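Visitor: Predicted structure and sequence below. I'll ask about it afterward.
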Amino acid sequence: MTPENFLEMKATIDRIYQIVTDNSFSLRELLALADKIQRPSAENLPRHIRGFAGRIENKITNMRTAKNLGYELGLSSSKVETLARDSDDDAKALFWDELCERHQLPGRPLTTGLLISACQGAGIKSVQDDLMPPSHVEAIEKSYSRLQQDIRVKDVLPYLRDRGMMLWEDIDYITEPKTNREQFKCLVDILPLFGKNAFDNFVDALKKSGHEHLAAILMNELENLCEDEYDVRDLATEDNGDDNYSISLYILCCLIYYFMPILFPL
C-alpha cells in the first residue's frame, strides 16, 4: 500500500467515524447536553427534548428552515411570523421559541417523535439514521390513549433492560416522575432514541409483562399504516402508468402526423 493510499483510507475512516459520532445519541449524552444549554426559552422543555434539540440546533442555518420547522410542528403561519419578528432574524432563536410554543399547546406536548417527524418534513436531513422509523412512531402515537390507560410501566421496564435496550440510568430517568401516567409519557417520548428495533423490543416487553392486548393494538395499528402506505404507492404506480400511456399515445400520434405524408403522398 502506497503512502497516498494509506492516507486516503485513513481519511475515509475518519469521515465514517465523524458521521457515526454526529448521528449517535444516547439518553446520557442528551441529558448532559441539556444541562449546558443556556437559552431561557428552553428552560421549560423536558431535559431529553432540550438535549435532542441542542443536537438539531446546528442544522438550523437560516430563517426559512426555522420557519418550515415551525409549520411542521403544527404552529400557525401567523404565530411563526410573530415569533420570527421577535427573534430579530436569528434562526436559532426562532427554533427554540417555536419548540417552547409547541410544547405549551394544549393536547399532546412536544415529543422526540414529533420533533423528528417535523425535521424530516422541513427537509432537515440526517437528524439521526438509527432512530425509530416514522411508521413505528406513528403507530405508538395513534395508540397513545389506550396504552396510557392500561400499561403498568414498572412491569415493562425490566424486560427492556433485559433486552439490552436500556441502561439502569435510562430506567431511573423514566421512573423519576411519581405517577404511572407521567412515567409512561417519559417512556414513550424517549423510545425513538433507542433505534430501529425499539418498537419490536417494546412490543415484546408488553407481551412478556402481561400486556398482550396492548401489543396486539400496536401491531394492528402498524399493519394499518403499512397498508395505507402500500395503497398510496399502488395509486402512484397506477397514475404513472396512465401518464406513461398518455405520453406513448401522444408520441404515436406525432409520428403518424409527420410520416403519413411521406409514406402516403397525395
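Guide: All right, it came through fine. Numbering: from 1, shown residues only.
Visitor: what about the helices in the stretch 1-150 of the chain?
Guide: Defined through DSSP state H, counting those that start in this stretch, the helices belonging to the stretch 1-150 of the chain, from first to last, are 3-22, 27-34, 47-56, 63-72, 77-86, 91-104, 112-121, 134-142, 144-150.
Visitor: can you tell which of these is closest to N224?
Guide: Taking Cβ to Cβ as the criterion, N224 comes closest to helix 134-142 out of these, the separation being 8.4 Å. For every residue, glycine as well, the C-beta is placed using N, CA and C.
Visitor: Show me what the closest one is packed up against.
Guide: Helix 134-142 is packed against helix 112-121, helix 198-208, helix 212-263, with contacts defined by 3 or more Cβ pairs under 8 Å, 6 or more residues apart in numbering; DSSP states H and E.
Visitor: tell me the angle it makes with helix 198-208.
Guide: Angle of helix 134-142 versus helix 198-208, following axes from the mean of the first three to the mean of the last three Cα atoms, to 10 degrees, is 40 degrees.
Visitor: mind checking pLDDT for D129?
Guide: Note on D129: pLDDT of 55.
Visitor: Apologies, that question was intended for L27.
Guide: pLDDT recorded at L27 is 76.
Visitor: wait, it sits on H48?
Guide: Yes - taking Cβ atoms under 8 Å as the definition, L27 is a contact partner of H48 at 6.3 Å.
Visitor: Next, show the common contact partners of these two.
Guide: 173, 190, 193 (Cβ atoms under 8 Å, 6 or more residues apart in numbering).
Visitor: Columns neighbour count, pLDDT and secondary structure on top of these, output as TSV?
Guide: Output for those, formatted as TSV (neighbours: other Cβ atoms under 10 Å; pLDDT from 0 to 100; DSSP: H, G, I helix; E, B strand; the rest coil):
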residue	neighbour count	pLDDT	secondary structure
Y173	20	89	helix
I190	23	87	helix
L193	24	83	helix
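Visitor: quick one: which of these is nearest to L218?
Guide: Proximity of the shared contacts of L27 and H48 to L218 was ranked by Cβ to Cβ; the top entry is I190 with 16.9 Å.
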